[in-house]
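Provided below for reference: sequence and predicted model.
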Amino acid sequence: MPSLRSLAAEAGVSPMTVSLALRNHPRISMATRERIQQLATLQGYTPDPQIATLMHHLRTRRPKRLQAVIASVTTMTRQQTNLYSENIARAARERAVELGFGFDHIELPRYLDRPGSLNKVLRSRGIEGLVLLPMKEPITLDPLVDWRSMSVVATSHSVLSPHFHTILPDGFSSTLLMCGRLKELGFRRIGLVLSSDMEERSRHNITSAILWHNAYAGVEQVAPLIIPSGDTRRFADWLEQEQPDAIISENRDPGALLRWMGVGSGKKRPSFYFAGISLGAGDKAAGILQREEEIGRTAVELLAGMLQRGEKGIPGHPTLTLIPGVWKNPK
């Protein structure tokens, strides 16, 4: 059977070069990797699982050293960012440092009108991996970076293209969980108030879940309300027509929802139970914790594996990993 040494002799390289080429390590040129991999296939080479296990054990016992630099990327400035995105970035940074990577943060607005300028910054900082955070608004990033030299994981659907491996909260399952808890609490007319922007970014998963629940879970039908911010007339008409006894929304509490809808303290406030679809641990309302810290950690763990295997560029078959939310009782 062929071995690393016999393949190395045949290819005219060292056994270490063969080992790295078979693992798609970026230290070996693409041409050399392809030549050695073709040679291994032709000769029927298969790695010895016992030796592979031993080498993995030896590598993991070595002291950690600084590897490639990973950067979080967003179109939101520090003044525009939100707690959800900040928590993803913070968790990503912490996990990257634990795994021995450097970490940086890049705000994209300064590079959007200068194609190619970001490539120079990435090279100068030694950045080889990118975590795409939620963007200010849906955006196309195709011409911004030479993606062939980058390993990339996204944490939002707000990057319309290119399509990368993505880690997201499981909006459909989380919304079904919320509806089930509200039903247990005795609510039978469960409504949804969502911004048109959130509806687009969630790819209709939240709306789909509440429509399914209201149709098949033994409660009453309530039409969702998808509107721009401050559309007071439609909100008031919807309340009168649908008469929900519970409302699910992207806001952090019922007061924030009413202020968003333009219902001030001087007006008669409608009565309903509130549940938020994306709450922080410190919020007082009931609802769902999206576990954005887990999203950030999972994104970096996936990215670290891609960097170690030399997987760069736009994937031919992007994967989607969903992180389930957890129910939070009101304080």
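Right, received. Where do you want to start?

Centre of the chain to stretch 3-13, how far?
41 Å (Cα atoms, centre = their mean, to the nearest Å).

Report the buried residues of that stretch.
Burial within stretch 3-13, assessed by neighbour count using 16 or more other Cβ atoms under 10 Å, is assigned to 4, 7, 8, 11, 13. To be clear about C-beta, it is placed using only N, CA and C from the backbone, and glycine gets the same treatment.

In helices only, show me the residues you listed.
Of the buried residues of stretch 3-13, the ones assigned to helices by DSSP state H are 4, 7, 8, 11.

For residue 327, state which of those is nearest.
The shortest gap between residue 327 and any of those belongs to residue 4, at 52.3 Å (Cβ to Cβ).

all helices of the stretch 151-300 of the chain, in order?
171-184, 196-201, 205-216, 232-242, 254-260, 292-309 (DSSP state H, counting those that start in this stretch).

To residue 140, which of those lies closest?
Across these, closest to residue 140 is helix 196-201 (Cβ to Cβ), at 14.3 Å.

Show me what the closest one is in contact with.
134, 137, 138, 156, 157, 158, 206, 207, 226, 227, 228, 250 (Cβ atoms under 8 Å, 6 or more residues apart in numbering).

same check, this time on stretch 146-159
88, 119, 122, 127-135, 137-141, 162, 164-168, 201-203, 295-296, 299-300, 302-303, 306-307, 311-314.

next one: stretch 71-85
The contact list for stretch 71-85 (Cβ under 8 Å, 6+ apart) reads 88-89, 92-93, 103-109, 112, 122, 125, 127, 129-137, 139, 278, 280, 290, 292.

and the end-to-end length of that stretch?
14 Å (Cα to Cα, to the nearest Å).

Specify which member of the buried residues of stretch 3-13 is nearest to residue 186.
The closest of the buried residues of stretch 3-13 to residue 186 turns out to be residue 4 (Cβ to Cβ; 67.1 Å).

my guess is the closest one contacts residue 17, does it?
No - the criterion here is Cβ atoms under 8 Å, and residue 4 misses it with residue 17 at 9.6 Å.

sorry, back to before: quick one: which of the contacts of helix 196-201 has the most company?
Neighbour counts for those peak at residue 206, which has 27 neighbours (criterion: other Cβ atoms under 10 Å).

Would you mark the buried spots in stretch 144-164?
144-145, 147, 150-159, 162, 164.

any idea which of those residues is the one closest to residue 179?
For these, the nearest to residue 179 is residue 157 (22.1 Å; Cβ to Cβ).

right, and the helix or strand after the least confident helix or strand in the chain by mean pLDDT?
Every helix and strand of the chain was ranked by mean pLDDT, DSSP states H and E. The lowest is helix 49-61, at a mean of 62. Heading C-terminal from helix 49-61, the first helix or strand you meet, by DSSP states H and E, is strand 69-74.

residues contacting residue 1?
Contacts of residue 1 by Cβ under 8 Å, 6+ apart are 44, 45, 46.

which non-adjacent residue is nearest residue 315?
When the adjacent residues along the chain are set aside, residue 315 lies closest to residue 165, with 6.1 Å between them (Cβ to Cβ, 6 or more residues apart in numbering).

Report the beta-bridge partner residues of that neighbour.
residue 153 (DSSP bridges).

got it, and residue 140?
residue 161.

I'd like to know how many residues surround it.
So residue 140, with other Cβ under 10 Å, has 10 neighbours.

Distance of it relative to residue 70?
According to Cβ to Cβ, to the nearest Å, residue 140 stands 23 Å off from residue 70.

now do residue 101
Distance, residue 101 to residue 70, using Cβ to Cβ: 5 Å.

residues bridging contact with these two, i.e. touching both?
Residues touching both residue 101 and residue 70 (Cβ under 8 Å, 6+ apart): 129, 300, 304, 307.
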